[in-house]
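Student: Structure for this input, please:
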Amino acid sequence: MTDLTVANTIRAQIGRGALFMMGAKDFVGSADSLTFKVRGSKKCNAITVKLEADDTYTITFKKVVSSRINRKTWEVRPGRIDTVKELSGVYCDGLCQAFEMVTGLATKL
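Tutor: Numbering: from 1, shown residues only. Here you go, the predicted structure:
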């Protein structure tokens, strides 16, 4: 069983309001990171926040494209995951600013 203390701490540091404003859903935690999907951004739709050894975060913004089926030929086009941007050395008070900069979504009213 994985210890989710770090993932829960990352989620708390981002804040419920910011997560709500970005339409965050489908949270997946690991021993040193938190991954979630966001809605409404044309640039990315998944974010991974990973805790580094120097107590900063590395944020990876991804665009996940699901597989599609061609209805004429019934061929399955495989999905892919593209890394849009990766920011490293981000402190906890700069998480929301980084989200706003890359996704274009507001994190507060």
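Student: Please make it C-alpha for all contacts and neighbour counts, starting now.
Tutor: OK.
Student: Other residues contacting stretch 15-24?
Tutor: With contacts defined as C-alpha atoms under 8 Å, 6 or more residues apart in numbering, stretch 15-24 is touched by 36-40, 96, 105-108.
Student: Of those residues, grab the buried ones for ChimeraX.
Tutor: To isolate the buried members of the contacts of stretch 15-24 in ChimeraX, using 16 or more other C-alpha atoms under 10 Å:
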select :36,37,38,96,105,106,107
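Student: low-confidence ranges in the chain?
Tutor: Applying pLDDT under 70 to the chain flags the ranges 1.
Student: where's the spatially most central residue of it, which helix or strand?
Tutor: With distances taken as C-alpha atoms, centre = their mean, Ile47 lies nearest the centre of the chain, 1.2 Å away. Here Ile47, judged by DSSP states H and E, is contained in strand 46-51.
Student: And Gln97, by the same measure?
Tutor: Element membership for Gln97, per DSSP H and E: helix 95-103.
Student: for Lys72, helix, strand, or coil?
Tutor: Assigned by DSSP: H, G, I helix; E, B strand; the rest coil, the conformation of Lys72 is coil.
Student: For Thr60, which non-adjacent residue is spatially closest?
Tutor: Closest residue to Thr60 apart from its sequence neighbours, by C-alpha to C-alpha, 6 or more residues apart in numbering: Glu86 at 4.5 Å.
Student: SS state for the one you found?
Tutor: Using three-state DSSP, the structure places Glu86 in strand.
Student: Just list the residues touching it, thanks.
Tutor: With contact set as C-alpha under 8 Å, 6+ apart, Glu86 has these partners: 58-61.
Student: Try it again at 10 Å.
Tutor: 47-49, 58-62, 102 (C-alpha atoms under 10 Å, 6 or more residues apart in numbering).
Student: Kindly reformat the contacts of stretch 15-24 as TSV containing secondary structure and distance to Phe27.
Tutor: Shown next, in TSV, are those (DSSP: H, G, I helix; E, B strand; the rest coil; distance: C-alpha to C-alpha, whole Å):
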residue	secondary structure	distance to Phe27
Phe36	strand	4
Lys37	strand	7
Val38	coil	10
Arg39	coil	13
Gly40	coil	17
Cys96	helix	17
Leu105	coil	18
Ala106	coil	19
Thr107	coil	17
Lys108	coil	20
